[in-house]
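K.L.:
3D, please:
(2 chains)
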Amino acid sequence: MENIKVLLVDDEEEFADILSERLKNRGVTVHQARDGFEAIKMVKKEDYEAVILDFAMPGLDGIETLEVLLSKKPNLQVILLTGQATLEKGVQALKLGAMDVLEKPTDISKIMGKIKEAQTERMLIVSKEAQERIEDILKSKGW
Amino acid sequence: MSINGEWHKSDFDLMADKNRQNSSNKHYRRLLKYSIITTTFVAIVPLIIMLVINYYQYRKAYLADIMYPISRQTSNISSSLESFINERRSALNLVIREKEYSELADKAELAVTFKNLKESFDGFVDISLINSDGDQAAYFGPYNLEGKNYKDQDWFHETCIKGSFVSDIFMGFRGMPHFVIAIYRENSNGSFYILRATIESDMLYHKILSQNQPVSSDAFILNQDQILQSPSKYHGNILEKSDIEVPPYSLQTEVIESQNNGTDIIIGYAYIKNTPFILIEITNPASIMSNWVSASNNLLGLVIVCIILMIIVIVWISRRMVSHVRHSDMKWMKMLSEISNTNKMASVGRLAAGVSHEINNPLAIISENAGMVLDIMSVTDEFQQKTKISKHLNSIIKAVDRCSNITHRLLGFAKRMDTKTEGIDILLLLKEVVGFDQSEAQNRNINIDITGGSDIMNIESDRGQLQQVFLNILNNALDAVKSGDTISVHIEQVGSKFIRVAVSDTGSGIPKADLERIFEPFYTTKKENGTGLGLSITYGIVIKLGGSMKVKSTQGEGTTFIVDLPIVNNQK
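P.N.:
Numbers count the residues shown, from 1 in each chain, chains lettered A, B, ... in the order given. Take a look at the predicted model:
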């Protein structure tokens, strides 16, 4: 697994640290944000394969952050991680365009699976976009 | 399991319920008893009082009715008796006023007088003249009584005082009953004489006493000493002492109730004026009152039947009433317990929702730390105790999983509360729910198919709760199937009022014994991995939404959960 860059957004420092270390051990580059605002700033600056987003955070909560992130980058793959698995919120997140909702605590393999999925999805989207762009260019050039 | 430990409290609740039921049974039995007794008392006591009053009043009226003819009869007989005696007394009176002493003292003249008397009046046996010294001056009759002196006899004095005398009955000539009438007359010179006649009383009995006598009554004559002056049917023979006591003196005819040898009798009586005779007429009321007795017996029978019917109706109505009361009490209690249950649930839910996040985060930290150590160990060389440490770490991770399972289920509990009804596209909802589980399904290579439902209109229901229902069922199905299996979700309309969602898996199926208890709270077949709450919550929600839920399972072939939901929710 190469060049996978993931943003982990969680206000719980202890959890975030240890999870990011474990992910790093699995070859994932992990950046951390403590709240929604920080996450939005970081997503603006950099492209991530996936964003792992906590639901309950001070300031902007997971759903609100998700909305903003997706409005900026519609193709962003967001995995929500929640300790408060209310179904409605889960469904709401999925409807807004989140990739999946995982319950906290969860198995590292599940998270890794999701990250891989996100990577594939992103690659598909990127290639599709590239193809579209090529087609556009070809069209504009009058081919 | 800690959560089970907490909920064992419900066992105590059950015991308390049982006790409560016992004491409430006692309560209802007491209520039934009071109801029956009070109603019976209120209904029957006035009836009985009325019956008793009626009995006596009616009896009095009836007695008055039968006393009147007795009184008339007695009166008639007594006046006949009186006139019989008066006629003879008047005749003698006439004789003694018309004839001088000297005329009467002449034996031949007395015989002529006697014959004249006997021609006009029956019953004369003899006649005698007694002078003021008490000597019999003249006599005509079958006895030889001339020269007899009566001066010392009571009747002589009584005649002197009263002017006339009627004697008691005595056995006289030829053993026939007789009585004597004596009349007194004073001469102008101060001396006096008495005309005395003996009269047969036999005709008194035949002509007078036996007239118009009904069989049940007995008319006879008593004197002041209770000696019978005539034969009687039932109360002794002539000149015997009667068992009927002399009734109190009265100037007119009287009718009284009395007792004789333990039976009720009615005595009509009259004192015959200027004689020692008392006319007695005795009637046995039983024979006369037999009509009344049978009528009153009929009435009594009717009343008893009425009372029995009343008691039956009272018991029946009371039972119904108490059972109604009990039923509505039960309903009320159930409602109360449901409210308290709901409140309990709500607090559990609130608590769970509040605590859940707080618990899940540290759980996640524990889990990640344990995972971290495992990660480290996986890249570390073999060392002593490595396997043991790995085992314990895995055990920690497993325990954390169980905890999180419980917290998530408890969150589900919170969702059982209030329902919000809205129009729901069931197909879309199921797709969302399936989407929620899609990642796990994909990871395990399980296919989830949704068929049907595209033609079904929106149904009225609660979105969140329906999501919960189908997520629970799907999760169950996911737990039951192996990699490569398929879970199919089929939607169809059943009749005009319901839609049906059938979730089938091709898993191992559920044994029959488990199948019966599958919706019971805390009943789980998943051993340590299940809380036993999922399906019971699901079932509760479906019922609350006005639907029904069934499960069909064949071991080795798979399980189908069938949820029927109303298209229009009436459970608002």
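K.L.:
Need the three-state assignment for B:Ser496.
P.N.:
Three-state call for B:Ser496 (DSSP: H, G, I helix; E, B strand; the rest coil): coil.
K.L.:
for the record, mean pLDDT for stretch B:432-442?
P.N.:
On average, the pLDDT along stretch B:432-442 is 79.
K.L.:
Any part of it near chain A?
P.N.:
Yes - among the residues of stretch B:432-442, B:Glu432, B:Val433, B:Gly435, B:Phe436, B:Gln438, B:Ser439 lie within reach of chain A under CB under 8 Å from any CB of the partner chain. C-beta coordinates here come from the backbone N, C-alpha and C atoms, glycine included.
K.L.:
Which residues are in contact with the last one?
P.N.:
Just to be clear, that refers to B:Ser439. A:Asp100, A:Gly113, A:Lys114, A:Glu117 (CB atoms under 8 Å, 6 or more residues apart in numbering or on different chains).
K.L.:
Apart from its chain neighbours, what residue comes closest to the first one?
P.N.:
Excluding its sequence neighbours, the residue lying closest to A:Asp100 (CB to CB, 6 or more residues apart in numbering or on different chains) is B:Ser439, at 4.8 Å.
K.L.:
I'd assumed B:Gln136 was in a strand, is it?
P.N.:
Yes - under three-state DSSP, B:Gln136 falls within a strand.
K.L.:
how about the nearest residue to B:Val180 once chain neighbours are set aside, phi and psi?
P.N.:
Among residues not flanking B:Val180 along the chain, B:Ser167 sits closest, at 3.9 Å (CB to CB, 6+ apart). With angles defined as degrees, to the nearest 10, B:Ser167 sits at phi -90, psi 170.
K.L.:
still on that earlier bit, quick one, which of the residues of stretch B:432-442 next to chain A are buried?
P.N.:
Applying 16 or more other CB atoms under 10 Å in any protein chain shown to the residues of stretch B:432-442 next to chain A, the neighbour count classes B:Glu432, B:Val433, B:Gly435, B:Phe436, B:Ser439 as buried.
K.L.:
tell me which element the residue of the stretch 251-400 of chain B found nearest chain A falls in.
P.N.:
With CB to the nearest CB, the shortest gap between the stretch 251-400 of chain B and chain A falls at B:Asn360, namely 2.9 Å. Element membership of B:Asn360, judged by DSSP states H and E, is helix B:290-378.
K.L.:
for B:Phe179, same thing?
P.N.:
Counting by DSSP H and E, B:Phe179 is found in strand B:177-186.
K.L.:
Mind listing what's buried along that strand?
P.N.:
So strand B:177-186, judged by 16+ other CB under 10 Å, has buried residues B:Pro177, B:His178, B:Phe179, B:Val180, B:Ile181, B:Ala182, B:Ile183, B:Tyr184, B:Arg185.
K.L.:
Next one: the second one from chain A, what distance?
P.N.:
In other words, B:His178. Distance, B:His178 to chain A, using CB to the nearest CB, to the nearest Å: 131 Å.
K.L.:
right, and that residue touches B:Val125 too?
P.N.:
Yes - between B:His178 and B:Val125 there is a contact under CB atoms under 8 Å: 6.2 Å.
K.L.:
Report the set of residues contacting both of these two.
P.N.:
With CB under 8 Å, 6+ apart as the test, B:His178 and B:Val125 both reach B:Gly172, B:Thr198, B:Ile199, B:Glu200.
K.L.:
Show me these that map onto strands.
P.N.:
B:Thr198, B:Ile199, B:Glu200 (DSSP state E).
K.L.:
Can you give me the neighbour number for the last one?
P.N.:
Using other CB atoms under 10 Å in any protein chain shown as the criterion, B:Glu200 is surrounded by 17 other residues.
K.L.:
which residues touch the nearest residue to it once chain neighbours are set aside?
P.N.:
Distance criterion CB to CB, 6+ apart; nearest residue to B:Glu200, sequence neighbours excluded, is B:Gly123 at 4.5 Å. Listed by CB under 8 Å, 6+ apart, the contact partners of B:Gly123 are B:Arg88, B:Ile199, B:Glu200, B:Ser201, B:Asp202, B:Met203, B:Leu204.
K.L.:
and the two most separated of the residues you listed?
P.N.:
B:Arg88 and B:Asp202 (14.1 Å; CB to CB).
K.L.:
Between these two, point out the one with more neighbours.
P.N.:
Neighbour tally, B:Arg88 and B:Asp202, criterion other CB under 10 Å: the higher count belongs to B:Arg88, 21 against 14.
K.L.:
That one against B:Ala182, yeah?
P.N.:
No - with contact defined as CB under 8 Å, B:Arg88 does not count as touching B:Ala182 (11.4 Å).
K.L.:
Residue 36 - how many residues pack around it?
P.N.:
In the absence of a named chain, this looks at chain A. Using other CB under 10 Å: A:Gly36 sits among 25 other residues.
K.L.:
let's do chain B instead
P.N.:
B:Ile36 has 17 nearby residues by other CB under 10 Å.
K.L.:
before we move on, what about A:Ile108?
P.N.:
Neighbours of A:Ile108 (other CB under 10 Å): 20.
K.L.:
Same question for B:Ser318.
P.N.:
Counted with other CB under 10 Å, B:Ser318 comes out at 20.
K.L.:
B:Met335 too?
P.N.:
10.
K.L.:
could you say what helices and strands the strand or helix carrying B:Ile396 packs with?
P.N.:
Using DSSP H and E, B:Ile396 falls within helix B:386-414. Helix B:386-414 sits against helix B:2-7, helix B:290-378, helix B:534-544, with contacts defined as 3 or more CB pairs under 8 Å, 6 or more residues apart in numbering or on different chains; DSSP states H and E.
K.L.:
wait, what's in contact with the nearest residue to B:Asn131 once chain neighbours are set aside?
P.N.:
Nearest non-adjacent residue to B:Asn131, counting by CB to CB, 6+ apart: B:Ala137, 4.8 Å away. Counting by CB under 8 Å, 6+ apart, B:Ala137 touches B:Tyr101, B:Leu104, B:Ala105, B:Leu129, B:Ile130, B:Asn131, B:Tyr193.
K.L.:
Make JSON lines out of those and add distance to B:Thr538 and neighbour count.
P.N.:
What follows is the contacts of B:Ala137, written out as JSON lines (distance: CB to CB, whole Å; neighbours: other CB atoms under 10 Å in any protein chain shown):
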{"residue": "B:Tyr101", "distance to B:Thr538": "141", "neighbour count": "19"}
{"residue": "B:Leu104", "distance to B:Thr538": "138", "neighbour count": "22"}
{"residue": "B:Ala105", "distance to B:Thr538": "143", "neighbour count": "15"}
{"residue": "B:Leu129", "distance to B:Thr538": "137", "neighbour count": "24"}
{"residue": "B:Ile130", "distance to B:Thr538": "134", "neighbour count": "25"}
{"residue": "B:Asn131", "distance to B:Thr538": "139", "neighbour count": "18"}
{"residue": "B:Tyr193", "distance to B:Thr538": "137", "neighbour count": "21"}
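K.L.:
and which of those is nearest to B:Ile450?
P.N.:
B:Ile130 (147.9 Å).
K.L.:
Can you tell me how far that closest one is from chain A?
P.N.:
Taking CB to the nearest CB, one finds B:Ile130 at 143 Å from chain A.
K.L.:
That residue: what's it in contact with?
P.N.:
Taking CB under 8 Å, 6+ apart, one finds B:Gln136, B:Ala137, B:Tyr150, B:Phe156, B:Ala182, B:Tyr193, B:Ile194, B:Leu195, B:Arg196 in contact with B:Ile130.
K.L.:
hmm, 10 Å instead?
P.N.:
B:136-139, B:148-151, B:153, B:156, B:159, B:182, B:184, B:192-196 (CB atoms under 10 Å, 6 or more residues apart in numbering or on different chains).
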